[in-house]
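Participant: Predicted model and sequence below, questions to follow.
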Amino acid sequence: MKYIFIILAPPYTSKSSGVRALYRLCHHLNEAGYPSAIKADREVRPSDWNVPFHRGAVGDSIVVYPEIVSGNPLRAGKVVRWALNDPGLLAGDTTYPDEEMVFVYDPQKLETVSRAVSEPLGPNRVLWTGLIDPEVIFPDASVPKTIDCSFTHKGRALRERFPLPPGLSIEALEDRTPDMAALGDTLRRTRTLYSYDHYSNVLREAAISGCDIRVISEEEGWHDPRGCSCQKNIWWQDNLVENYARKFRDSSFTHDFVREVHTRWPVPEAAPLRKQSDRFWKVLWPRR
């Protein structure tokens, strides 16, 4: 099968928000009618997600690389670079060539990622997809909150410098959560989550689950990230609890993404998998 987009990704794991984003993008592109596939060393498919795998050459497909991939290992002629974090922070290159179309996941990263390209990026280069599955992450007031948890992840250096508050019995979230179902169950039982990682989707998941949240910084000590101005803070969307389920399921954001890609390379019209009016598709792809 010919794919419009091929996404190079690590093997799927629910423990990485960046990996989940890559697979979720593939799912939404397919749901919106843009045939897409994942290319990975090991094929692990999230259940119920529309995620096929591609094993051959990429041909003239548009290849999407996350920022942790250096260069153009698939030798694609059309490259989209999706910066899910700061360029070069975790891996990959610190600058990107003009031949690539660069997008950011977090709109707060536009200024940072713009330093990696020759021209500043605008809001049309934000590619955001909801990652919080309402089937496993949800509040439940009937569940008693009986534990406090810590979360370290990318904050190992901070943990060495700032110990947890004394006198508390705190369990490591990572030890209790081998999968997403366990994460949801644990967060619904957690009173306070103490996080050394200020830039993690887990903070949003904890907020939705009804946890108090504390993160650490040199300037503010332990504090609630939902009201701070720390440079590394995640993007807290308005009405997070009310809207997260819709954003997880809504594939409509892909049309803006494809329209922007279409300004550089021809993209075939979508073959809608769900009924759409003729007027909708004429607006999306006006004939010239």
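Facilitator: That came in fine, so what should we check first? Numbers count the residues shown, from 1 in each chain.

Participant: Show the average pLDDT along the host helix or strand of D148.
Facilitator: The secondary structure element spanning D148 is strand 147-151 (assigned by DSSP states H and E). Mean pLDDT, taken over the full extent of strand 147-151, equals 96.

Participant: and it, C-alpha only, in CSV?
Facilitator: As requested, C-alpha coordinates have been extracted for strand 147-151 and formatted as CSV (Å, rounded to 0.1, in the frame of the first residue of the first chain):
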residue,chain,number,x,y,z
ILE,A,147,-1.0,7.2,49.1
ASP,A,148,1.5,9.8,48.1
CYS,A,149,3.8,9.2,45.1
SER,A,150,7.0,10.6,43.6
PHE,A,151,7.8,10.8,39.9
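
Participant: Identify the neighbouring strands of that strand in the sheet and state each direction.
Facilitator: Strands flanking strand 147-151 in the sheet, each with its direction: strand 170-172 (parallel), strand 190-195 (parallel) (DSSP bridges).

Participant: just those: most buried one?
Facilitator: Each of the strands paired with strand 147-151 was given a mean neighbour count from mean count of other Cβ atoms under 10 Å, and the largest, a mean of 22, is that of strand 190-195. Placement of C-beta: from N, CA and C, glycine included.

Participant: what's next to that one, contact-wise?
Facilitator: By Cβ atoms under 8 Å, 6 or more residues apart in numbering, the surrounding residues in contact with strand 190-195 are 145-151, 153, 155, 164-165, 170, 173, 187, 202-203, 206, 209, 211-216, 222, 225.

Participant: Quickly list the domain ranges of this structure.
Facilitator: What automatic domain parsing lists as the domains of the chain is 5-129+252-284, 147-241.

Participant: ok, and the residue lying farthest from the centre of the chain, which helix or strand is that part of?
Facilitator: Note on the chain: the largest separation between a C-alpha and the mean C-alpha position, by Cα atoms, centre = their mean, falls on G167 (35.4 Å). G167 belongs to no helix or strand when assigned by DSSP H and E.

Participant: And for T254?
Facilitator: Once you assign secondary structure using DSSP H and E, T254 falls within helix 253-262.

Participant: what about that helix, distance to the chain center?
Facilitator: What separates the centre of helix 253-262 from the centre of its chain is 17 Å, taken as Cα atoms, centre = their mean, to the nearest Å.

Participant: Any idea how many residues pack against E111?
Facilitator: Using other Cβ atoms under 10 Å, E111 is surrounded by 11 other residues.

Participant: any idea how far it is from V80?
Facilitator: Going from E111 to V80 by Cβ to Cβ, to the nearest Å gives 20 Å.

Participant: Please apply the same query to W235.
Facilitator: Counting by Cβ to Cβ, the gap from W235 to V80 is 21 Å.

Participant: more crowded one of the two?
Facilitator: Set side by side, W235 and V80 show more neighbours around V80, with 21 against 13, by other Cβ under 10 Å.

Participant: so is that one in a helix, a strand, or just coil?
Facilitator: strand (DSSP: H, G, I helix; E, B strand; the rest coil).

Participant: for the protein, longest helix please?
Facilitator: Secondary structure assigned by DSSP state H gives helix 17-31 as the longest helix of the chain.

Participant: Output the below-cut-off pLDDT ranges for the stretch 51-200 of the chain.
Facilitator: Nowhere does the stretch 51-200 of the chain drop to pLDDT under 70.

Participant: tell me the strands in the stretch 101-250 of the chain, going along the chain?
Facilitator: Chain-ordered strands for the stretch 101-250 of the chain, with DSSP state E, counting those that start in this stretch as the definition, fall at 101-104, 147-151, 170-172, 190-195, 212-217, 221-223.

Participant: who touches the first one?
Facilitator: By Cβ under 8 Å, 6+ apart, the list of residues contacting strand 101-104 from outside reads 79-83, 96, 110, 113, 116-117, 121, 125-127, 257, 260-261, 264.

Participant: Repeat that for the second one.
Facilitator: Outside strand 147-151, the residues that touch it by Cβ under 8 Å, 6+ apart are 164, 168-174, 176, 186-187, 189-197, 200, 202.

Participant: Pull out the buried residues from that strand.
Facilitator: The neighbour-count criterion (16 or more other Cβ atoms under 10 Å) identifies I147, D148, C149, S150, F151 as the buried residues of strand 147-151.

Participant: of these, closest to P35?
Facilitator: Minimum separation from P35 among the buried residues of strand 147-151 (Cβ to Cβ) is found for F151, which lies at 37.2 Å.
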